[in-house]
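Enquirer: mind folding the following:
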Amino acid sequence: MALYIGVMSGTSLDGLDIALVELAPAIKLVATHYIPMPASLRAELLELCSSGPDEIARSAIAQQNWVTLAAQGVRTLLNEQQLKPQDITAIGSHGQTIRHEPARGFTVQIGNPALLSELTGISIVSDFRSRDVAAGGQGAPLVPAFHEALFEERTGKRAVLNVGGFSNLSLIEPGKPVTGFDCGPGNVLLDAWIHQQKGEHFDRDGQWAASGNVEPTLLKTLLGDPFFVTTGPKSTGREVFNLPWLARHLSHLPTFTPENVQATLLELSAVTIVDALRQAQSDTEELLVCGGGAHNQALMTRLADLLPQTRVSSTAVYGVDPDWVEAMAFAWLAHCCLHGIPGNRPSVTGARGLRVLGAIYPA
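Expert: Reported below is the predicted structural model:
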């Protein structure tokens, strides 16, 4: 039995997902632990997503705080499972993305793996994206290879949709290399808008969006962003889609209501996902959704409406909890790194070839 831990902190910044995963003889989620992101740390990480004063020192302190939180979560999970650090082969730590600009040749995830190893007594594998970017790739999305490992034995054409802060697709067809790419905003604009307007961190079940009506003029202008007309490999982040981006589009509207903006942002997420899927794999038989978006009933309903010929459900139908797929993926990527197995897919990221991803910090 090979036990790994995956630690994932996504663009939504809601908290840290910590997953205990068994990777041999088969991939199995053993146990989980979730830690909400403290408000002060969340605010600091958000600020670090754009340039600011003394950002080198601030990012160093922020990652120390992030690692302290992660280590506490790992220790709690081990105690709950009556495990010792030596029972764990390695921790795959994604860290927290604060910049992602592959067009300029870099991506930055903070997470001080050396400190995380010191605090947990476990070997750490981290910095999964840099090698792919160095090889000319986008460095994202990285989960399609794991989605392929999870679902490749199924028959027919299927897609796995991860909806976190941003949405990305993995297209899986028997006998062909997995492909995938970022579609655009998932929850990032929905979360930012409801927080600005109502002080809430997310729109539970998409209820606020469902209470409004889509503004066709706003939707048309949002869909005019150049990102949506490019084809994969492609990835994106907060550098492109953020509240100032939305504000520029809203400035052209004479009037609007906040709930209608939320409804339009949900439609933006749904339409860009569906358009991307149709262009890349028009006859998809099944769409499996994971990530926080799987719990947004308004989004799930809209996806099903827009894809009447495709079965739309969460990954739970195959016994894979949608909340933990990404954390599981980084446990799997740690295993790949330790065993010299390439973790990227050039058909997804556009890298010049297969590469072993990650840097190892022994315990």
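Enquirer: can you give me the buried ones in stretch 63-74?
Expert: 63, 66-67, 69-74 (16 or more other C-beta atoms under 10 Å). Heads up, the C-betas are built off the backbone N, CA and C, glycines and all.
Enquirer: would you turn these into a markdown table with distance to Ser251, secondary structure and pLDDT?
Expert: Formatted as a markdown table, these follow (distance: C-beta to C-beta, whole Å; DSSP: H, G, I helix; E, B strand; the rest coil; pLDDT from 0 to 100):
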| residue | distance to Ser251 | secondary structure | pLDDT |
| --- | --- | --- | --- |
| Gln63 | 36 | helix | 96 |
| Trp66 | 35 | helix | 98 |
| Val67 | 40 | helix | 98 |
| Leu69 | 38 | helix | 98 |
| Ala70 | 40 | helix | 98 |
| Ala71 | 44 | helix | 98 |
| Gln72 | 43 | helix | 98 |
| Gly73 | 42 | helix | 98 |
| Val74 | 45 | helix | 98 |
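Enquirer: tell me which of those is nearest to Asp127?
Expert: Asp127 has its nearest neighbour among the buried residues of stretch 63-74 in Gln63, at 12.4 Å by C-beta to C-beta.
Enquirer: quick one: contacts for that closest one?
Expert: 95-96, 110-112 (C-beta atoms under 8 Å, 6 or more residues apart in numbering).
Enquirer: what's the single longest strand in the protein?
Expert: Counting residues, the longest strand found in the chain (DSSP state E) is strand 90-101.
Enquirer: just to revisit the earlier point, quick one: which of the contacts of Gln63 is most hemmed in?
Expert: Across those, the neighbour count under other C-beta atoms under 10 Å reaches its highest value at Gln96, namely 26 neighbours.
Enquirer: for that residue, give its distance to Ile110.
Expert: Using C-beta to C-beta, to the nearest Å, Gln96 is found at 6 Å from Ile110.
Enquirer: who touches both of these two?
Expert: 63, 66.
Enquirer: what about Pro254, neighbour count?
Expert: By the criterion of other C-beta under 10 Å, Pro254 has 5 neighbours.
Enquirer: that one is in what secondary structure piece?
Expert: Counting by DSSP states H and E, no helix or strand carries Pro254.
Enquirer: next: Asp17.
Expert: Going by DSSP H and E, Asp17 is in strand 15-22.
Enquirer: show me where the stretch 101-250 of the chain has strands.
Expert: 106-110, 124-126, 158-163, 166-172, 179-185 (DSSP state E, counting those that start in this stretch).
Enquirer: which one of those strands lies nearest to Ala192?
Expert: Of all the strands of the stretch 101-250 of the chain, strand 179-185 comes closest under C-beta to C-beta, at 9.4 Å.
Enquirer: show residues contacting that closest one.
Expert: With contact meaning C-beta under 8 Å, 6+ apart, strand 179-185 is reached by 138, 140-141, 143-144, 147, 165-171, 225, 227-228, 231-236, 241, 265, 268-269, 272-273, 276, 280, 345, 347-348.
Enquirer: what angle do that strand and strand 158-163 make?
Expert: Inter-element angle recorded for strand 179-185 and strand 158-163: 40 degrees (by axes from the mean of the first three to the mean of the last three C-alpha atoms, to 10 degrees).
Enquirer: in its sheet, what does strand 179-185 sit against?
Expert: strand 166-172 (antiparallel) (DSSP bridges).
Enquirer: next, the angle from the partner strand to strand 90-101.
Expert: 120 degrees.
Enquirer: if we can go back for a sec, between the contacts of Gln63, which sits nearest Leu307?
Expert: After measuring those against Leu307 - C-beta to C-beta - the closest member comes out as Gln96, at 32.6 Å.
Enquirer: hang on, isn't that closest one packed against Thr107?
Expert: No - at 11.9 Å, Gln96 and Thr107 do not qualify as touching, with contact defined as C-beta atoms under 8 Å.
Enquirer: could you break this structure into its assigned domains?
Expert: 2-139+324-361, 145-318 (the TED database).
Enquirer: pLDDT value on Asn168, please?
Expert: In this model, Asn168 is scored at 94, pLDDT.
Enquirer: over to Ser282?
Expert: In this model, Ser282 is scored at 88, pLDDT.
Enquirer: for Glu173, see how far away it is.
Expert: 12 Å.
Enquirer: compare neighbour counts for those two and give me the winner.
Expert: For the pair Ser282 and Glu173, the greater number of neighbours falls to Glu173 (18 against 9), based on other C-beta under 10 Å.
Enquirer: which residues touch the more buried one?
Expert: 157-158, 281.
Enquirer: ranges for the helices of the stretch 1-150 of the chain?
Expert: 39-47, 55-80, 113-120, 130-134, 144-151 (DSSP state H, counting those that start in this stretch).
Enquirer: check which helices and strands the first one sits against.
Expert: With contacts defined as 3 or more C-beta pairs under 8 Å, 6 or more residues apart in numbering; DSSP states H and E, the packing partners of helix 39-47 are helix 55-80.
Enquirer: what angle do the helix it packs on and strand 106-110 make?
Expert: 50 degrees.
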